[in-house]
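>>> kindly return the folded structure for what I paste below:
(one chain, ligands or ions: 1)
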Amino acid sequence: MPAPYCRRFIVSEKSAMETAIAVPSSTPSGLLAPPLSSGILTQDELKKIAAYKAVEYVESGMVLGLGTGSTAKHAVDRIGELLRQGKLKNIIGIPTSKKTHEQALSLGIPLSDLDSHPVLDLAIDGADEVDPHLNLVKGRGGSLLREKMVEGACKKFVVIVDESKLVKYLGGSGLALPVEIVPFCWNFTAVRLQNLFQTHGCVAKLRTSGENGQPFVTDNRNYIVDLYFKEDIGDLNVASDEILRLAGVVEHGMFIGMATTLIVAGELGITIKNK
Ligand SMILES: O=C(CO)[C@H](O)[C@H](O)COP(=O)(O)O
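Predicted coordinates:
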């Protein structure tokens with residue numbers, strides 16, 4: 001491999017399910033991975049690499065969905081930086097949470113909302129789990145409702161993760177599938193959610209925050225019930241319909257068939273999957 005590539009990240013691009021072909025990266029927005037000799041990259045460094053790669057999809061004049069979480073934060077920072085440098089112009093951002101709204105404001109990114117911009121060009125966001133079909137679990141950061149509204153309105157939805165987020169099936173990490181519910185009689189709704197998936201060993205837990213165990217409250221003033229499964233829940237569309245049919249449920253964190261591109265940063269480089 002020629003010397004200059006030794007310090008560059010390797011980018012492999014493939015349509016979903018196809019075999020990767022490793023090729024040296026062109027200049028990905030000037031982002032160079034830390035020297036390979038420096039040893040193992042941290043998870044946050046991998047998140048940043050995926051995020052910077054995704055920002056290469058952004059063009060001047062776009063209306064952009066701005067994701068939430070520690071990975072998306074790097075993408076929003078990078079968009080702000082490119083705007084400041086004049087390398088991007090006339091961007092309009094639609095934030096997916098109050099936190100991202102604050103971050104984007106502090107970076108001087110012009111903002112709007114879905115009422116004014118019901119169709120977005122592109123959204124960039126992280127995920128908690130990604131299955132081989134690019135279905136996602138999102139919402140462990142609590143922003144799943146706004147994320148689903150914004151990302152469902154995008155022509156292109158680029159998901160950015162480090163390789164730890166890849167799973168064989170949704171729920172496969174053993175971590176939560178979040179469901180946003182109304183606070184009214186939350187325990188009633190939590191029990192009904194758990195009963196729906198009893199045969200999959202489901203346990204439903206109200207998400208709390210802080211030391212006093214108060215319910216976590218979303219940007220929409222709702223609660224979140226986290227579902228933990230012992231087994232694969234099978235057909236995601238069936239599971240989705242069953243969850244959404246329960247009165248009291250606002251939205252769930254399965255993003256089925258929404259992602260158009262997945263960018264994964266791992267120790268061996270970047271992998272890009274297109275749908
Ligand atoms: O869905 C989300 C927030 O609701 C996040 O995108 C998801 O939790 C990933 O977060 P991170 O990038 O911090 O790992």
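
>>> and the stretch 1-150 of the chain, which residues reach the ligand?
67-72, 125-128, 138-144, 147 (CB under 6 Å from any ligand atom). Using the backbone N, CA and C atoms, a C-beta is placed for each residue, glycine as well.

>>> from the residues you listed, list just the buried residues.
Buried by 16 or more other CB atoms under 10 Å: 67-69, 71-72, 125-128, 138-144, 147, out of those.

>>> tell me the helix or strand right after the helix-or-strand element of the chain with minimal mean pLDDT.
Ranked by mean pLDDT, DSSP states H and E, the helix or strand of the chain with the weakest confidence is strand 22-24, at a mean of 31. Following strand 22-24 in sequence order, the next helix or strand is helix 43-55 (DSSP states H and E).

>>> could I get the CA-only coordinates of that next one as PDB?
Coordinates of the C-alpha atoms in helix 43-55 are reproduced here as PDB (Å, rounded to 0.1, in the frame of the first residue of the first chain):
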ATOM      1  CA  GLN A  43     -15.300   4.600  20.300                       C
ATOM      2  CA  ASP A  44     -15.700   8.400  20.100                       C
ATOM      3  CA  GLU A  45     -13.000   8.600  17.500                       C
ATOM      4  CA  LEU A  46     -14.800   6.000  15.400                       C
ATOM      5  CA  LYS A  47     -18.100   8.000  15.800                       C
ATOM      6  CA  LYS A  48     -16.300  11.100  14.600                       C
ATOM      7  CA  ILE A  49     -14.900   9.400  11.600                       C
ATOM      8  CA  ALA A  50     -18.300   8.100  10.600                       C
ATOM      9  CA  ALA A  51     -19.900  11.500  11.200                       C
ATOM     10  CA  TYR A  52     -17.300  13.400   9.100                       C
ATOM     11  CA  LYS A  53     -17.700  10.900   6.300                       C
ATOM     12  CA  ALA A  54     -21.500  11.500   6.300                       C
ATOM     13  CA  VAL A  55     -21.100  15.300   6.100                       C
END
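
>>> now do the strands in the stretch 101-250 of the chain.
120-125, 129-130, 136-137, 154-162, 177-181, 203-206, 208-209, 214-215, 223-228, 249-252 (DSSP state E, counting those that start in this stretch).

>>> which strands and helices sit next to the helix ranked longest in the chain?
The longest helix of the chain (DSSP state H) is helix 70-84. With contacts taken as 3 or more CB pairs under 8 Å, 6 or more residues apart in numbering; DSSP states H and E, helix 70-84 sits against helix 43-55, strand 63-66, helix 98-106, strand 120-125, strand 154-162.

>>> centroid residue for the protein?
Nearest to the mean C-alpha position of the chain, counting by CA atoms, centre = their mean, stands residue 126 at 2.4 Å.

>>> per-residue confidence at it?
Here the pLDDT value assigned to residue 126 is 98.

>>> report the buried residues of the longest helix of the chain.
Applying 16+ other CB under 10 Å to helix 70-84 flags 71-80, 82-83 as buried.

>>> quick check: next helix or strand after it?
That would be, after helix 70-84 and using DSSP H and E, strand 92-95.

>>> with only the CA atoms kept, save that following strand in PDB.
What follows is strand 92-95, C-alpha atoms only, in PDB (Å, rounded to 0.1, in the frame of the first residue of the first chain):
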ATOM      1  CA  ILE A  92     -31.200  25.000   6.700                       C
ATOM      2  CA  GLY A  93     -31.100  22.600   9.700                       C
ATOM      3  CA  ILE A  94     -34.100  20.800  11.200                       C
ATOM      4  CA  PRO A  95     -33.100  19.600  14.600                       C
END
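
>>> distance from the chain centre to it, please.
For strand 92-95, the distance from its own C-alpha centre to the chain's C-alpha centre is 16 Å (CA atoms, centre = their mean, to the nearest Å).

>>> want to throw the strands of the stretch 101-250 of the chain into JSON lines with distance to residue 235?
Listed next are the strands of the stretch 101-250 of the chain as JSON lines, based on distance: least, CB to CB, whole Å:
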{"stretch": "strand 120-125", "distance to residue 235": "25"}
{"stretch": "strand 129-130", "distance to residue 235": "17"}
{"stretch": "strand 136-137", "distance to residue 235": "16"}
{"stretch": "strand 154-162", "distance to residue 235": "22"}
{"stretch": "strand 177-181", "distance to residue 235": "14"}
{"stretch": "strand 203-206", "distance to residue 235": "20"}
{"stretch": "strand 208-209", "distance to residue 235": "31"}
{"stretch": "strand 214-215", "distance to residue 235": "31"}
{"stretch": "strand 223-228", "distance to residue 235": "16"}
{"stretch": "strand 249-252", "distance to residue 235": "14"}
